[in-house]
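> build the 3D model from these lines:
(one chain, ligands or ions: 1)
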Amino acid sequence: MEIAEHMRFENLPEQAQGCRRCALGETRRSLVFGEGNLQAQIMLVGEAPGEKEDVSGRPFVGPAGRMLNKILEETGLRREDIYITGVVKCRPPGNRLPKKDEVEACVPFLHEQIRSLQPKIIVCLGSLAAKTLIDPKLKISEARGQWVVKDGAKFMPTYHPASVFHDREKLDAIREDFLKVREALE
Ligand code: SF4
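Numbering: from 1, shown residues only. The predicted model follows:
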């Protein structure tokens, strides 16, 4: 579904609030549209809200958010300089991955966020974001850490911060990828 041309970015979060374009709209508590610096050069794109995000209406505020904050701090990036969102704006029940039809229903919001904010760098946090924004056939373990230039932006695919809870070695990989992001800004 196309987002109407007249929908200005600053009005989008409010206009999205009543969205029922997919089944997740029936079970969410909050719609987590995204937040951050509207002049950001970097946009982070995660998967979908988890439990804490669903309660607060803010992205990356649960355990994965704390991990993300730590990685940002360690790599010299500031969360207040960044815009953060996800592919899907409502929490899938039980934190399952969003289904294909849910992604298709929601992704116009993400495309509109990118079109409006025009970040120089888009960091895809995890496989879903990377497949949605770069290439549906992409394998995150092979693509991570390598720049992709597309539609006037530089994309950096990396692992999702939550993946570190199952595999500590991924922390080094994510740090490495964020250091490339910082170097690219410099
Ligand atoms: S996930 Fe996206 S498309 Fe589905 S109801 Fe929420 S905002 Fe609408």
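> the closest residue in space to residue 57 that isn't next to it in sequence: neighbour count?
Taking CB to CB, 6 or more residues apart in numbering, and ignoring the residues beside it in sequence, residue 57 has residue 30 as its nearest neighbour in space, at 3.6 Å. Heads up, the C-betas are built off the backbone N, CA and C, glycines and all. Residue 30 is flanked by 16 other residues according to other CB atoms under 10 Å.
> what's the answer for residue 52, then?
Taking other CB under 10 Å as the criterion, the count of residues near residue 52 is 16.
> which residues sit against the lowest-mean-pLDDT helix or strand in the chain?
Within the chain, no helix or strand scores below helix 12-16, which has a mean of 81 by mean pLDDT, DSSP states H and E. The contact list for helix 12-16, computed with CB atoms under 8 Å, 6 or more residues apart in numbering, reads 3, 7, 31, 33-34, 89, 109, 112-113, 116.
> C-terminal to that helix, what's the next element?
Sequence-wise, the next helix or strand downstream of helix 12-16 (DSSP states H and E) is helix 24-27.
> OK, contacts around residue 134?
Counting by CB under 8 Å, 6+ apart, residue 134 has contacts 124, 143, 148, 150, 155, 157.
> quick one, helices of this structure?
12-16, 24-27, 51-56, 63-74, 100-117, 127-133, 140-143, 169-185 (DSSP state H).
> all good on my end, thank you.
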